[in-house]
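J.: I'll drop the sequence and a predicted model, then ask my questions.
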Amino acid sequence: MTSLSTPPLRNDADFERIIETACSTAALIECRRDRIREVLTPIATLDSIDTEIADSIGLLRTAGLEYPAYRAGDPDSQVRVFLPANNLLYSMALFVALPSLYLGNVLARPASRVKDAYLELAQLLSDGPIDIGGRMRTYSQSTFADISQGSVVVFSGKPENGRQVDEECDSGLFLGFGTGINPIVIGRDLSGPDLSGAVQATVAARLYNNGQDCLCPDAIFVDAAVADDFVAELVRRLGTVPVVSTGAVAGLISAPLADTATYDRAMTALDEFDSSVVWSGKTSAHQRHCPTAVSVRRLPEVPAAVPELFGPLFNVVVYDRIDEVLDFLGTPETDPYGMYISVFGVAELVGVGRVGSARNTGARTAFDFENGHEPFGGFGPNGTVAAGAGREPVGRPLLLAAELARYAAERGEVDATR
């Protein structure tokens, strides 16, 4: 049997067709950049939109990197995708356009509250070589689950909703992309420019798309030895962030949130911080504008379950010893949410690849670490999980192509002649 890691290409023409199709789609996205911005600015910030556009173009231009993995899988795999309510363009590129280069049976359902934006994006790209619009289905979740029976199901959203979808679909293979804490840890070894750089990285990560992304850090653990300096620099930096009434402004901004439900959720989290808030920014007159805010508490004061802060909120947690942080992240309440952990100035964690259930990105945030052609996430089952009918759910980093190859091998479907 041919090795899964190095399957032969079918032929040069097949490979060239995939590359040409992918690059043509990337070129179309580049050509329609301004119109894509118009579609997405009501629900996302301009910087995050431009990041999505660049990432989508880069992903498709390098689509050939995944040819070996897809060749090791079953080309007749039936893939059903439940698309998320954020990162719309990139999610379409990653979970619809890219697999459609290799598989003929890929269908996707847009998240209901951003359905119209998804359909507009699909229409913008409708004259391209990949019929993305033809793969979109605006069915109810239950109806889409009906046509997903026994399929390979990709779900992005709340982990509890993902478990329900897995059950409803009776998935042959279920890949869940859920929620992670993605903490940043600031150690006592930082000072001067290094501390300022860590503050800047923290601000950029927490304010990506105004905090409306699953990779934004929900906790920032800061050693007591540098906590005063870190918080002072953090507040100073946040004070320079422009407060605007629309997301269509370049740079890091404080802007209205995407919808009322997100705004209400962020304001509830802000209220729960209560007296621990040490700084709160201004807001515009827009009714969905949650202020950027900084909460500072000692580690013993923090509830065991870290909330997902889907908004511009900085949850600073001061610790005395790094082992206290590691113990906290290893509790039953937090360990299932292990995806990434970013570490600045902690000598004990330099070169450590995994911290609990999270992958250590070192002195890079999760946004800098993530690569669409590499497995995403960590080992917490509420972050990224492989499951399916008759399977024990396993938290692990996920890449669709690699999981399809693994699935085919499990079922004995690898054909050495392909």
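T.: Looks like it arrived, so ask away.

J.: Can you point out the helix or strand that includes residue 318?
T.: Assigning secondary structure by DSSP states H and E places residue 318 in strand 313-319.

J.: Now tell me what touches that strand from outside.
T.: Applying C-beta atoms under 8 Å, 6 or more residues apart in numbering, the contact partners of strand 313-319 are 202, 206, 211, 218-224, 227, 230-231, 234, 238, 266, 269-270, 273, 290, 292-299, 302, 306-307, 309, 325. In short, each C-beta sits where N, CA and C put it, glycine included.

J.: Return the subset of those lying in helices.
T.: In helices, judged by DSSP state H, the following of the contacts of strand 313-319 are found: 202, 206, 224, 227, 230-231, 234, 238, 266, 269-270, 273, 325.

J.: which among those residues end up buried?
T.: When those are checked for burial by 16 or more other C-beta atoms under 10 Å, the buried set is 202, 206, 227, 230-231, 234, 238, 266, 269-270, 273, 325.

J.: export these to TSV and tack on distance to residue 181 and pLDDT?
T.: Conversion of these to TSV gives the following (distance: C-beta to C-beta, whole Å; pLDDT from 0 to 100):
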residue	distance to residue 181	pLDDT
202	14	98
206	13	98
227	19	98
230	19	98
231	20	98
234	19	98
238	21	98
266	17	97
269	14	96
270	18	97
273	16	96
325	12	98
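
J.: What are the buried residues along the longest helix along the chain?
T.: For the chain, the longest helix by residue count, based on DSSP H, is helix 12-31. Buried residues in helix 12-31, counting neighbours by 16+ other C-beta under 10 Å, are found at 18-19, 21-23, 25-26, 28-29.

J.: Spell out the residue ranges of the strands in the stretch 301-418 of the chain.
T.: Counting by DSSP state E, counting those that start in this stretch, the segments of the stretch 301-418 of the chain that form strands are 313-319, 340-344, 354-355, 358-362, 384-387, 394-395.

J.: now the buried ones among the ones in helices among the contacts of strand 313-319 in TSV, with distance to residue 337?
T.: Converted to TSV, these look like this (distance: C-beta to C-beta, whole Å):
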residue	distance to residue 337
202	19
206	17
227	24
230	23
231	24
234	23
238	25
266	19
269	16
270	21
273	19
325	14
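
J.: for these, which one is nearest residue 335?
T.: Nearest to residue 335 among these, counting by C-beta to C-beta, is residue 325 at 12.9 Å.

J.: List the contacts of the closest one.
T.: Contacts for residue 325 were tallied using C-beta under 8 Å, 6+ apart; they are 185, 221, 299, 319.

J.: sec struct for the first one, please.
T.: Residue 185 carries the three-state label strand when classified by DSSP: H, G, I helix; E, B strand; the rest coil.

J.: Please name the bridge partners of it.
T.: Note on residue 185: beta-bridge partners residue 221, residue 343, judged by DSSP bridges.

J.: okay, it: pLDDT?
T.: pLDDT for residue 185: 98.

J.: what does the second one give?
T.: Among the per-residue scores, residue 221 holds a pLDDT of 98.

J.: Go ahead and confirm it touches residue 182.
T.: No - at 11.8 Å, residue 221 does not count as touching residue 182 under the criterion of C-beta atoms under 8 Å.

J.: and for those two, which residues touch both?
T.: Between them, residue 221 and residue 182 share no contacting residue, judged by C-beta under 8 Å, 6+ apart.

J.: hang on, the earlier thing: nearest to residue 55 among the ones in helices among the contacts of strand 313-319?
T.: Taking C-beta to C-beta as the measure, residue 206 is the one of the ones in helices among the contacts of strand 313-319 closest to residue 55, at 19.1 Å.

J.: need the contact list for that closest one.
T.: With contacts taken as C-beta under 8 Å, 6+ apart, residue 206 has the following neighbours: 216-217, 220, 312-314.

J.: Check residue 150 too.
T.: Here residue 150 is in contact with 78, 169-172, 389 (C-beta under 8 Å, 6+ apart).

J.: hang on, the earlier thing: which strands border the strand holding residue 318, and is each parallel or antiparallel?
T.: For strand 313-319, the paired strands and their directions (DSSP bridges) read strand 220-223 (parallel), strand 293-298 (parallel).

J.: Checking residue 154 next. Helix, strand or coil?
T.: Put simply, residue 154 is strand when judged by three-state DSSP.

J.: That one bridge partners, please.
T.: The residues paired with residue 154 through beta bridges, assigned by DSSP bridges, are residue 81, residue 175.

J.: Could you report the distance from it to residue 105?
T.: Separation of residue 154 from residue 105 (C-beta to C-beta, to the nearest Å) stands at 13 Å.

J.: Give me the common contacts of those two.
T.: Common contact partners of residue 154 and residue 105 (C-beta under 8 Å, 6+ apart): residue 79.

J.: quick one, which of these two is more surrounded?
T.: Under the criterion of other C-beta atoms under 10 Å, the comparison of residue 154 against residue 105 puts residue 154 first, with 28 against 15.

J.: Is the more buried one in contact with residue 82, as I believe?
T.: Yes - applying C-beta under 8 Å, one finds residue 154 in contact with residue 82, separated by 6.9 Å.

J.: Where does the record place the domain boundaries for this structure?
T.: Taking automatic domain parsing as the criterion, the chain consists of the domains 12-178+383-410, 184-369.

J.: which one of the ones you listed lies closest to residue 375?
T.: Ranking those by their distance to residue 375 (criterion: C-beta to C-beta) puts domain 12-178+383-410 first, at 3.4 Å.

J.: Pull the distance from the closest one to the chain's centre.
T.: 13 Å (C-alpha atoms, centre = their mean, to the nearest Å).

J.: circling back to that earlier point, list just the nearest of the buried ones among the ones in helices among the contacts of strand 313-319 to residue 163.
T.: Distance from residue 163 was checked for each of these by C-beta to C-beta. The minimum falls on residue 269, at 23.4 Å.

J.: The closest one against residue 309, yeah?
T.: Yes - with contact defined as C-beta under 8 Å, residue 269 counts as touching residue 309 (5.5 Å).

J.: Now do the strands in the stretch 1-150 of the chain.
T.: With strands called from DSSP E, counting those that start in this stretch, the stretch 1-150 of the chain shows them at 78-82, 105-109.

J.: Out of those strands, indicate the one that is most buried.
T.: Stretch with highest mean neighbour count among those: strand 78-82 (a mean of 24; mean count of other C-beta atoms under 10 Å).

J.: thinking again about what came up before, same list, the strands paired with strand 313-319, but as JSON lines with distance to residue 57 please.
T.: Output for the strands paired with strand 313-319, formatted as JSON lines (distance: least, C-beta to C-beta, whole Å):
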{"stretch": "strand 220-223", "distance to residue 57": "32"}
{"stretch": "strand 293-298", "distance to residue 57": "35"}
